[in-house]
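# Give the three-dimensional model of this entry:
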Amino acid sequence: MVSDPANADAPADEELARTAWDLDPLVEGQGAQGVEQRLAEALERAQAFAARYAGKLEELDAGDLRTAMEELAAIQDFAGRAGTYAALRFSADTADPQNGALLQLAQERGTALETTLLFFELEWAALPDERVDELLAGDGLDFCRHHLRSVRRYRDHLLSEPEEKILAEKALTGSSAWARLFEELTSAIEVELPGEDANGAAGEDANGAAGERANGAAGERAQVQRVALDVALSRLQSADAEVRRTSAEAVTAALAPGLRTRAYTFNTLLMDKSVDDRLRSYAHWLAARNLANEASDESVQALIEAVRARFEIPRRWYRLKAQLLGVERIADYDRMAAVTHDEVSYPFAHAREIVLDCYSSFSSELGEIASRFFSERRIDAPPRPAKRGGAFCASAVPSVAPYVLLNYTARRRDVLTLAHELGHGVHFALAAKQGIFHQSTPLTLAETASVFGETIVFGRLLEEDAAPSSRLALLAEKLEDAIATVFRQVAMNGFEQLVHVARREQGELSVERFGELWAQSQSEMLGDSVELSDGYRSWWSYIPHFIGSPGYVYAYAYGQLLALSVYERYRTQGEEIVPRYLELLAAGGSKNPQELAQIVGIDLDDPGFWDAGLDLVERQLTEAEAAAYASGRIEKAA
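Numbering: from 1, shown residues only. Next comes the predicted model:
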């Protein structure tokens with residue numbers, strides 16, 4: 001841990017600059033040609049599969065079904081490796097037209113595969129229950145049994161084979177095309193910040209290169225810095241109020257030029273989903289997501305209502321934060337502000353050391369798996385122009401290891417993000433033995449390992465920091481992470497609820513209407529504790545989940561509360577839970593969420609489960625309040 005790199009003399013982080021993906025293992029070093037070859041072979045095998053099995057599922061015995069599923073797994077492996085390579089290359093540089101063309105090719109070939117193999121799930125879903133039970137009782141089907149049972153949950157929402165093929169084909173120029181456009185537009189956003197301390201020394205960009213003047217001519221205007229959106233957003237964590245304000249204004253200004261285009265894209269996708277839901281007879285906009293998550297509408301609604309009933313937790317924190325910052329009420333851009341001025345920076349090598357040591361201390365197996373992400377070059381970390389924003393872990397397929405994308409800006413939050421994404425990575429790696437049908441879990445459990453790993457690393461950072469002001473800062477960041485992951489995600493679910501319903505009932509939504517609904521959903525959570533600026537009304541427009549994964553966001557709250565419950569068991573039970581936790585991760589999606597949670601002693605059907613997790617968050621708030629008083633920054637009311 002070193003002082004903040006706002007110091008102009010701070011050295012460049014050379015290890016960070018070198019941390020980029022090696023994608024060759026996905027296609028055995030054959031690049032774009034390897035993508036084309038694998039997709040061609042996958043399609044050829046799919047056509048042979050269809051010739052062999054189409055219209056004949058009723059005639060199969062358990063052995064035939066096992067053979068068919070093994071071939072389907074092989075086809076999906078070929079396509080998955082190729083598609084992952086194309087998607088990751090595009091994420092690393094969305095501006096390169098060759099990357100866009102390769103991604104489009106992968107999507108088009110993927111659709112051809114989908115339509116060729118579509119018959120199988122339709123025929124399987126149409127089989128009588130008795131026949132299905134007879135087949136699934138056979139030997140050798142553990143690698144696909146739960147998957148095959150899950151497919152049948154969609155029976156009431158499937159169309160005829162010709163109709164399904166039309167929808168799949170038209171998605172190429174429909175929903176997937178609009179989602180790609182949105183990603184390209186947001187990846188291209190550059191924020192103009194004042195050259196002084198824009199990301200360290202005056203006039204330097206994220207890689208230390210000389211900054212550009214706003215008009216390209218030296219001395220004609222005040223120097224500005226063009227940085228990626230993620231870099232600008234990271235400045236909202238600054239302890240300097242002026243830095244936060246100017247950064248927020250710059251983000252709002254950067255969002256403005258393409259706002260109407262992004263709004264039109266969102267409108268189009270909202271309508272597309274409305275049509276899809278109507279054709280498939282889903283009762284409401286979230287029903288398809290709940291089905292995919294293997295979660296009942298009732299359980300999801302119980303989660304949402306439980307979180308909304310505790311919105312006073314974030315409000316209480318933001319009122320405390322206002323006292324810490326010395327203001328009557330904080331603004332929206334102050335929510336992530338550092339509460340102390342002793343900001344610290346973590347060079348990438350130190351972040352790696354901390355995270356790997358924490359993982360290894362918990363489990364040597366997890367530590368070894370996590371270390372291979374670095375040694376095998378499966379992390380792309382530095383922010384770059386045209387690189388996709390945010391962070392993610394791509395599972396790829398079981399035959400190859402996962403990959404992690406970061407936009408690392410050396411903040412404390414970035415260390416925890418590294419731990420978070422590596423949690424996904426070790427989860428995918430451990431579950432690889434389940435095979436392609438069961439490696440991934442429903443979204444409701446997808447955050448378990450990531451939040452758990454992040455929480456362990458947070459504990460280490462807190463242990464190492466003896467200074468009262470630093471401990472307060474860490475506790476504040478952890479609480480804010482819980483607020484962002486639980487309460488803000490439920491508020492964003494509320495925004496999605498508002499826009500999906502409004503689009504279906506009122507027609508196309510204006511930019512102003514999107515802003516009103518965004519402000520309404522955020523105000524419900526924040527109450528009078530935060531002042532929302534007019535500029536904040538456009539900040540919905542860079543969030544990719546609304547576009548590519550409608551209904552996704554509540555799973556963050558679900559996963560956070562579940563992971564906190566697992567961590568609480570680790571805190572109280574110690575080493576005895578480690579084998580069961582590893583068993584949970586290794587099970588992947590081979591069982592339903594209720595059965596998976598039972599491995600670590602959690603009952604998801606318990607009505608009090610959500611409140612128990614929320615109680616843990618409230619205890620974190622109480623700890624943060626105590627730390628604020630202990631630091632002498634504020635005094636308790638008489």
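
# any weak-confidence spans in the stretch 451-600 of the chain?
466-467 (pLDDT under 70).

# can you map out the strands along it?
Along the stretch 451-600 of the chain, the segments classed as strands by DSSP state E, counting those that start in this stretch run 530-531.

# what about the helices in it?
In the stretch 451-600 of the chain, the helices defined using DSSP state H, counting those that start in this stretch lie at 468-482, 489-506, 511-526, 545-548, 554-573, 578-586, 593-598.

# Quick check: buried residues in the last one?
Burial within helix 593-598, assessed by neighbour count using 16 or more other C-beta atoms under 10 Å, is assigned to 593, 596-597. Every C-beta, even on glycine, is put in place using the N, C-alpha and C of the backbone.

# Let me know the closest of those residues to Val400.
Leu596 (24.1 Å; C-beta to C-beta).

# My read is that the closest one contacts Leu445, right?
Yes - counting by C-beta atoms under 8 Å, Leu596 touches Leu445, with 5.9 Å between them.

# still on that earlier bit, can you redo the buried residues of helix 593-598 as JSON lines with distance to Ala263?
Shown next, in JSON lines, are the buried residues of helix 593-598 (distance: C-beta to C-beta, whole Å):
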{"residue": "Pro593", "distance to Ala263": "35"}
{"residue": "Leu596", "distance to Ala263": "39"}
{"residue": "Ala597", "distance to Ala263": "39"}
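
# Name the nearest of the residues you listed relative to Ala429.
For these, the residue nearest Ala429 by C-beta to C-beta is Leu596; the value is 17.1 Å.

# For that closest one, give its distance to Leu291.
17 Å (C-beta to C-beta, to the nearest Å).

# go on, Ser529?
Where Leu291 is concerned, Ser529 sits at a distance of 36 Å (C-beta to C-beta).

# How about Glu477?
According to C-beta to C-beta, Glu477 and Leu291 sit 35 Å apart.

# out of these two, which sits in the more crowded spot?
Neighbour count, other C-beta atoms under 10 Å: between Glu477 and Leu291, Glu477 has more, with 22 against 18.

# Tally up the residues packed near the closest residue to that one other than its chain neighbours, please.
Take Glu477 and drop its neighbours on the chain: the residue closest to it by C-beta to C-beta, 6 or more residues apart in numbering is Arg412, 5.8 Å away. Counted with other C-beta under 10 Å, residues neighbouring Arg412 total 23.

# Likewise for the one 3 residues further on?
A total of 25 residues lie near Val415 under the criterion other C-beta under 10 Å.

# Surely it is in contact with Glu353?
No - if you go by C-beta under 8 Å, Val415 and Glu353 don't touch, sitting 10.2 Å apart.

# Mutual contacts of those two, please.
Counting by C-beta atoms under 8 Å, 6 or more residues apart in numbering, Val415 and Glu353 have no shared contacts at all.

# Extract the residue ranges of the protein that are flagged as low pLDDT.
For the chain, the stretches with pLDDT under 70 are 1-11, 195-222, 341-343, 466-467, 637-638.

# Centroid-nearest residue for it?
Nearest residue to the geometric centre of the chain (C-alpha atoms, centre = their mean): Phe392, 5.7 Å.

# mind listing what it touches?
Each residue near Phe392 by C-beta under 8 Å, 6+ apart is listed here: 404-405, 421, 424.

# now what about stretch 544-551, what contacts it?
If you take C-beta under 8 Å, 6+ apart as the criterion, stretch 544-551 is touched by 178-179, 182-183, 186, 265-266, 269, 273, 285-286, 288-290, 390, 492-493, 495-496, 499-500, 540, 552-553.

# what distance separates the start and the end of it?
This stretch, stretch 544-551, spans 12 Å end to end (C-alpha to C-alpha, to the nearest Å).

# Check which residues of the helix or strand harbouring Gly367 are buried.
Counting by DSSP states H and E, the element that carries Gly367 is helix 364-375. Judged by neighbour count using 16+ other C-beta under 10 Å, the buried positions of helix 364-375 are 365-367, 369-371, 373-374.

# For Ser281, give its distance to Tyr552.
According to C-beta to C-beta, Ser281 and Tyr552 sit 22 Å apart.

# Those two: which has the busier surroundings?
Shown here are Ser281 and Tyr552; by other C-beta under 10 Å, Tyr552 has more neighbours (20 against 11).

# Name the surrounding residues that touch the helix or strand just after the helix holding Gly367.
The helix or strand immediately downstream of helix 364-375 is strand 379-380, counting by DSSP H and E. By C-beta under 8 Å, 6+ apart, the surrounding residues in contact with strand 379-380 are 19-21, 91-92, 373, 387, 403-406.

# Please report phi then psi for Ala351.
Torsion angles at Ala351 (phi, psi; degrees, to the nearest 10) stand at phi -60, psi -40.

# what secondary structure does the closest residue to Val300 other than its chain neighbours sit in?
Of all residues not flanking Val300 in the chain, Asn290 sits nearest, at 5.4 Å (C-beta to C-beta, 6+ apart). Secondary structure state of Asn290, per DSSP: H, G, I helix; E, B strand; the rest coil, is helix.

# Next, count neighbours for the closest residue to Arg289 other than its chain neighbours.
In space, and not counting its chain neighbours, Arg289 is closest to Gly551: 3.2 Å by C-beta to C-beta, 6+ apart. By other C-beta under 10 Å, 23 other residues sit near Gly551.

# Pull up the gap between Gly551 and Thr444, please.
From Gly551 over to Thr444 (counting by C-beta to C-beta), the distance is 12 Å.

# picking that back up, quick one: the helix holding Gly367 to chain centroid distance?
How far helix 364-375 lies from its chain's middle: 21 Å, per C-alpha atoms, centre = their mean, to the nearest Å.

# got the CA positions of that helix in CSV?
Taking C-alpha atoms only, helix 364-375 is exported to CSV below (Å, rounded to 0.1, in the frame of the first residue of the first chain):
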residue,chain,number,x,y,z
SER,A,364,-4.8,-23.9,-0.7
GLU,A,365,-6.9,-25.4,-3.6
LEU,A,366,-8.6,-22.1,-4.2
GLY,A,367,-5.3,-20.2,-4.0
GLU,A,368,-3.8,-22.4,-6.6
ILE,A,369,-6.7,-22.0,-9.0
ALA,A,370,-6.7,-18.2,-8.5
SER,A,371,-2.9,-17.9,-9.1
ARG,A,372,-3.3,-19.5,-12.5
PHE,A,373,-5.3,-16.6,-13.8
PHE,A,374,-2.1,-14.5,-13.5
SER,A,375,0.4,-17.1,-14.6
